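Enquirer: next one to model:
(one chain, ligands or ions: 1)
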Amino acid sequence: MSTPLKILFLASEADPFVKVGGLGDVAGSLPNAILELGADLDVRLVIPFHSAIRADNFDLHRETVFTIPREGGEAPVQVFHTELRGMPVYLISGDPFSRATKVYDTDSAVDGEKFVFFSLAALELARRLDWRPDIVHANDWHTATALYGVRRMQDDPFWKGVKTLFSVHNLCYMGAGSEAALTAYGLPPVNDPELPWWGQHTPMPLGLWSADEIVAVSPSYAEEIQTPEYGCGLETFLHSRHDRVTGIVNGIDTTSWDPRTDEALIEPFSSEHLSGRAATKELLQTNFGLEVNNSVPLLAMVTRMDQQKGVDIALDALRLIPKLNWQAILLGSGNSEIEATARRLESDFPHRVCTIIRYDGKLSRQIYGGADMLLMPSRYEPCGLAQMIAMRYGAVPVARATGGLRDTIAEGYSGFLFTDASPAVMAGALRRALKAFGLHRTWQEMQKAGMSGDYSWFVSARQYADLYKTLIHNSSQE
Ligand code: GLC
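Expert: Residues are numbered from 1 along each chain as shown. The predicted structure is shown next:
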């Protein structure tokens, strides 16, 4: 038997240990999905031991302690070990994490220190375990520094020839503010005019610069980040590396997200029994003071309230169609100005709109399973998970044709797409969707089209596994 390929998978969060956003869903599912392919791969996940991780919920064992060099001394590292469905998981602790209260801090220098420390400690852990990875797979800016570390250590026999892969979940967050931490941990700016000057000492661009392969979380996003509109100043650099930029759409956890077994729903349902959705819709209408009537289309947003998600675009679009028959539920929290605008829509349309400012897992499940449409007018959306959940639950997405939304929703078949990030253009898509809702057969066919899609991790895991193998194969031919 050949020895399995060893993959060191690094992320700043992973469900069920800690989850703030979509990255946590991905890092909590993808490594296991890759392992489950049984394709001769040995994947190990490393995440920070954030204070938000409830240690007593997991069977943690102390693995090792060591130090890594830091300006003026040594930084102590403690590593704990556990397993997630048979896969080894390591949690890294140390002063920057014991001091921190939040997973992500508003002070960028605090996060810079945390994640530069984490990235370098994770590399040193591999050496301590005498487990030389074939590939280091990093995700977003928090772990990008590890790839720069590997690149800089190519004279070290342990790291020589180790390949690197970088998944980009959100290019805009680059880790600016980490400059002092990079210097403190002995990482100088890279002296390469290919990168803009500010990128020469910022984790995200350093990771992109170092990576042998760059994966954006959808094929459309892979193209978009090479353009000025989405490239956040790195478009020229990314375009110059286009031969190593690909796109792989994320999956969702189809066991957890299953309308046939979801206990949050009043009545389970499937595409053969769509009428089961009505009970949950009725619950939503009753609980949120909306007219209880199955024939009024219920529109919903489940979202972080921030600029990226385009909540303002949806709110203004709804204001443009006051005469049409619709109700809306808005669930989410985030930016206080956007929250206030969402509340204002409720006060202007009291019996038609309900705004709920919080994160609520159970309610979000009821919304996916009871609302008729999910609105996602994102200004940019690298992949997006909510539209896939909505389609699996028979809620038809009305979304902006960008990134993963464009790649997972088929216009007029499983959802409605619009191009410009403008309320007027979105209102046009809403008009089309509301008209289709009135045509019972058409609507059911769209629901069924969405529900029959394969959103499992299997397909994406296969693509990642193939990419790992290509990377190794190409390097053995060099
Ligand atoms: C980020 C992106 C989102 C993506 C997620 C997981 O949160 O904004 O589009 O689905 O990462 O890749």
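Enquirer: show me what from the stretch 51-200 of the chain comes close to the ligand.
Expert: If contact is defined as CB under 6 Å from any ligand atom, the residues of the stretch 51-200 of the chain in contact with the ligand are His169, Asn170. Every C-beta, even on glycine, is put in place using the N, C-alpha and C of the backbone.
Enquirer: list the residues that contact the residue in the stretch 51-200 of the chain that the ligand sits nearest to.
Expert: At 3.4 Å from the ligand, His169 is the closest residue in the stretch 51-200 of the chain, using CB to the nearest ligand atom. Contacts were defined as CB atoms under 8 Å, 6 or more residues apart in numbering; by that measure His169 touches Gly22, Leu23, Val26, Asn139, Asp140, Val217, Pro382, Cys383.
Enquirer: for it, phi and psi?
Expert: Its backbone dihedrals place His169 at phi -100, psi -30, with angles given as degrees, to the nearest 10.
Enquirer: now the element after the lengthiest strand in the chain, going C-ward?
Expert: Selection of the longest strand in the chain by residue count, based on DSSP state E, yields strand 73-84. Remark: after strand 73-84, the chain's next helix or strand is strand 87-94, criterion DSSP states H and E.
Enquirer: each with direction, which strands does that next one pair with?
Expert: Using DSSP bridges, the strands paired with strand 87-94 are strand 41-48 (parallel), strand 73-84 (antiparallel).
Enquirer: please identify which of the ones you listed is closest to Asp316.
Expert: With CB to CB as the criterion, Asp316 lies closest to strand 41-48 of the strands paired with strand 87-94, at 39.1 Å.
Enquirer: next structured bit after the closest one?
Expert: Tracing the chain past strand 41-48, the next element assigned as helix or strand by DSSP H and E is strand 61-70.
Enquirer: distance between that next one and the chain's centre?
Expert: 29 Å (CA atoms, centre = their mean, to the nearest Å).
Enquirer: using a markdown table, please lay out the strands paired with strand 87-94 together with mean neighbour count and mean pLDDT.
Expert: Formatted as a markdown table, the strands paired with strand 87-94 follow (neighbours: other CB atoms under 10 Å; pLDDT from 0 to 100):
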| stretch | mean neighbour count | mean pLDDT |
| --- | --- | --- |
| strand 41-48 | 24 | 97 |
| strand 73-84 | 16 | 98 |
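Enquirer: format those strands as CSV; extra columns: distance to Gly186.
Expert: CSV is the format used below for those (distance: least, CB to CB, whole Å):
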stretch, distance to Gly186
strand 41-48, 20
strand 73-84, 11
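Enquirer: those strands: which one's closest to Leu60?
Expert: Evaluated with CB to CB, the strands paired with strand 87-94 place strand 73-84 nearest to Leu60, the distance being 4.5 Å.
Enquirer: looking at the stretch 251-400 of the chain, which residue is nearest the ligand?
Expert: Ranked by CB to the nearest ligand atom, the top residue of the stretch 251-400 of the chain for proximity to the ligand is Cys383, at 3.5 Å.
Enquirer: remind me which residues of the stretch 1-150 of the chain are low pLDDT?
Expert: 1 (pLDDT under 70).
Enquirer: taking it, what residue is nearest to the ligand?
Expert: Gly22 (2.7 Å).
Enquirer: without its sequence neighbours, what residue ends up closest to that residue?
Expert: Leu385 (5.3 Å; CB to CB, 6 or more residues apart in numbering).
Enquirer: over to Lys448?
Expert: With CB to CB, 6+ apart as the measure, Ser271 is the residue that lies nearest to Lys448, at 4.7 Å, once sequence neighbours are left out.
Enquirer: close enough to count as contact, the one you found and Met446?
Expert: No - the pair Ser271 and Met446 fails to qualify as a contact (CB atoms under 8 Å) at a distance of 11.3 Å.
Enquirer: higher neighbour count, the two?
Expert: Set Ser271 next to Met446 and count neighbours by other CB atoms under 10 Å: Met446 wins out with 24 against 16.
Enquirer: in the helix or strand harbouring that one, which of the residues would be classed as buried?
Expert: In this structure, Met446 is located in helix 440-451 according to DSSP H and E. When burial is assessed from 16 or more other CB atoms under 10 Å, helix 440-451 yields the following buried residues: Trp443, Met446, Gln447, Ala449, Gly450, Met451.
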